[in-house]
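In: Sequence and predicted structure below; questions after.
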Amino acid sequence: MNKSGIILILIGALFLAHNFGMLQFGWLRQWWPLILIGLGVWSIITHKPGDKRTPGSDNPPQP
């Protein structure tokens, strides 16, 4: 599964909800670095040791 596509869809949905006045992003001005830190930690935790694929590639490694 391509996680980056899901993340982009979620970010797009958040911005769309903001455009319709459903969300307020005042907190984002102060807390945006925490989002980047969280994405980095998630990337480290979900990385499988020994996985030789390049990031973003959905093709299995060739023997």
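Out: Sure, I can see it.
In: For this structure, give me the ranges with low pLDDT.
Out: 1-2, 50-63 (pLDDT under 70).
In: which residues of it fall in helices?
Out: Using DSSP state H, the helices assigned to the chain run over residues 3-19, 28-46.
In: Tell me the helices and strands packed up against the longest one.
Out: The helices and strands touching helix 28-46, judged by 3 or more C-beta pairs under 8 Å, 6 or more residues apart in numbering; DSSP states H and E, number zero. Heads up, the C-betas are built off the backbone N, CA and C, glycines and all.
In: Please tell me how far it is from the chain's geometric centre.
Out: 9 Å (C-alpha atoms, centre = their mean, to the nearest Å).
In: angle of that helix against helix 3-19?
Out: Interaxial angle of helix 28-46 relative to helix 3-19 (axes from the mean of the first three to the mean of the last three C-alpha atoms, to 10 degrees): 160 degrees.
In: Can you lay out the helices of the chain as TSV showing mean neighbour count?
Out: Listed next are the helices of the chain as TSV, based on neighbours: other C-beta atoms under 10 Å:
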stretch	mean neighbour count
helix 3-19	11
helix 28-46	10
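In: Can you tell me how far Gly40 is from His47?
Out: For Gly40, the distance to His47 equals 11 Å [C-beta to C-beta, to the nearest Å].
In: Check Leu10 too.
Out: From Leu10 to His47 the distance is 20 Å (C-beta to C-beta).
In: Give the full set of residues in contact with Trp42.
Out: For Trp42, no contacting residues are found, by C-beta atoms under 8 Å, 6 or more residues apart in numbering.
In: oh, and call the first residue 164 from now on, that's how I've got it
Out: All right, first residue 164 from here; so that's Trp205.
In: That one and Ala180, how far apart?
Out: From Trp205 to Ala180 the distance is 22 Å (C-beta to C-beta).
In: cool, and Gly189?
Out: Counting by C-beta to C-beta, the separation of Gly189 from Ala180 is 14 Å.
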